[in-house]
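Novice: here is my input; please provide its structure:
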Amino acid sequence: MTQREIFFVANEVNELGGVGRWQAQMARLFVERGHRVRIIGIAPPELAMDLGDDPPFETLTLYDRRPPGRRRPRVPFGRFDPSLRRREADMHAAAERLSRLFLAAPSGAVIIVTQVWAMEWVALADTAGHPVIGMSHESFGASRRSSRFARVQRYYQDVDRLLVLTQEDADLWVAQGLNNVGFMPNPLPVTPGAPSPRTEKVVASIGRLSHAKGVDLLLDVWAEAAPRQPGWILRIYGAGEHESLLRQQCTELGLDDSVEWAGQTGDVTAALGRSSVFVQSSRGEGFPLVLLEAMACGVPCAAFDCSPGVREIVSDGEDGLLARHGNTAELARQLVRLMSDENLRDTMGDKARQNVRRFAPDVITRRWEELFDFLER
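Specialist: Below is the predicted model:
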């Protein structure tokens, strides 16, 4: 195995969320395989994730604060708008720092750009001699609904490989004219020694309290499901900008007696070990780590079929249950099926724990190393 220097270039070094967790995990997995890893962030995160006291990889952030976004020049300055000229100068200075790091790296180094915003700086840097892998950690549909769609087409068209999360998403990008697309699933974040006993009447939700995660939809789901299964609790783990609005919605729906707000957790495995069902109500996902974690803990999942990544992870009717995207009544019925049937929970939970092993860290890490070898040839 060739030992390499691997650069991750991301929006942030330690962003709180799925991309940040994936990045830190992959960095540790590569270090364990003998590679040297550096994570370079463009700007400090708004909400930071704790990387521990002594992470085994180096980190660097290019800006002290988040740089302003691109905008049209102000009239009457046009392209001579002083604020735009300052931004361009700052971008080139930051890109020059990247160039120096890349040029100092030995032969065989690899540059992995985890988000397309960060690619704007890498595109200005000198990457000569090193393969560049661009990534999109969201579904094709989610990109299509955002400004990132045009940026992926612009900034990733000439990278050595654009990696998305599923074959289905890769095919959709190929249909847009990109001929450098592959796919790479996320690795299993945890491998717990024992499954959840599934003895507590608890449905768990874990994720940021934001619009994208659909906790408002989940409360509507719970308003339908809870009266049909008295004694069950919905335990919501997470924090975020919508917490006060969601708590108000919970009260207005009369759910305060059956909903627990557990706050942000640093131990997802322990939270899942105290649960018998996991529910995900996101409006959009890429390849959700928490679904992998729930399945690894033997906790059967009910989720909206909101992206190819979700249906790649969960086999509907075999190791979990899916509902049509946004259909709260259908998700409520799927939840009730799991809540009301202990045998179904055990059967699906055991099957989930078995099936999710196809995303084991060593399996995914070897796929990455095979890609590095291929791009070096």
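
Novice: and the helix or strand encompassing residue 29, how far from the chain's centre?
Specialist: Assessed by DSSP states H and E, residue 29 sits inside helix 18-32. Using C-alpha atoms, centre = their mean, to the nearest Å, the mean C-alpha position of helix 18-32 is found 12 Å from that of the whole chain.

Novice: next, the buried residues of it.
Specialist: 18-30 (16 or more other C-beta atoms under 10 Å). All C-beta atoms are positioned from the backbone trio N, CA, C, and that covers glycine.

Novice: next: stretch 239-251.
Specialist: Neighbour-count burial for stretch 239-251 flags 239-240, 242-243, 246-247, 249-250 (criterion: 16+ other C-beta under 10 Å).

Novice: ok, residue 311 - how many residues close by?
Specialist: Using other C-beta atoms under 10 Å, the number of residues around residue 311 comes to 16.

Novice: same check, this time on the one 5 residues further on
Specialist: Residue 316 is flanked by 14 other residues according to other C-beta under 10 Å.

Novice: out of everything not next to it in sequence, what's closest to it?
Specialist: Once flanking residues are discounted, residue 316 sits nearest to residue 322: 4.3 Å by C-beta to C-beta, 6 or more residues apart in numbering.

Novice: any idea how far that neighbour is from residue 291?
Specialist: 11 Å (C-beta to C-beta, to the nearest Å).

Novice: between these two, point out the one with more neighbours.
Specialist: Higher neighbour count among residue 322 and residue 291: residue 291, with 26 against 21, using other C-beta under 10 Å.

Novice: any idea which element that one lies in?
Specialist: helix 289-296.

Novice: report the helix or strand with the lowest average pLDDT across this protein.
Specialist: helix 82-104 (a mean of 91; mean pLDDT, DSSP states H and E).

Novice: okay, now the domains of the chain?
Specialist: Domains of the chain are assigned by automatic domain parsing as 5-186+360-376, 202-359.

Novice: how far does the shortest one stretch from start to finish?
Specialist: The one in question is domain 202-359. Using C-alpha to C-alpha, to the nearest Å, the end-to-end distance of domain 202-359 comes to 26 Å.

Novice: which neighbours do residue 322 and residue 291 share?
Specialist: Here residue 322 and residue 291 have 303, 310, 314 as joint contacts, going by C-beta atoms under 8 Å, 6 or more residues apart in numbering.

Novice: what's the closest of the residues you listed to residue 39?
Specialist: residue 310 (27.2 Å; C-beta to C-beta).

Novice: restrict the helix or strand where that closest one lies to CA atoms and write it as CSV.
Specialist: Taking DSSP H and E as the criterion, residue 310 maps to helix 308-313. Extracted in CSV, the C-alpha atoms of helix 308-313 (Å, rounded to 0.1, in the frame of the first residue of the first chain):
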residue,chain,number,x,y,z
PRO,A,308,-31.1,8.0,-3.3
GLY,A,309,-28.8,7.7,-0.2
VAL,A,310,-31.7,6.9,2.1
ARG,A,311,-33.0,4.0,-0.1
GLU,A,312,-29.4,2.8,-0.7
ILE,A,313,-29.1,2.4,3.1
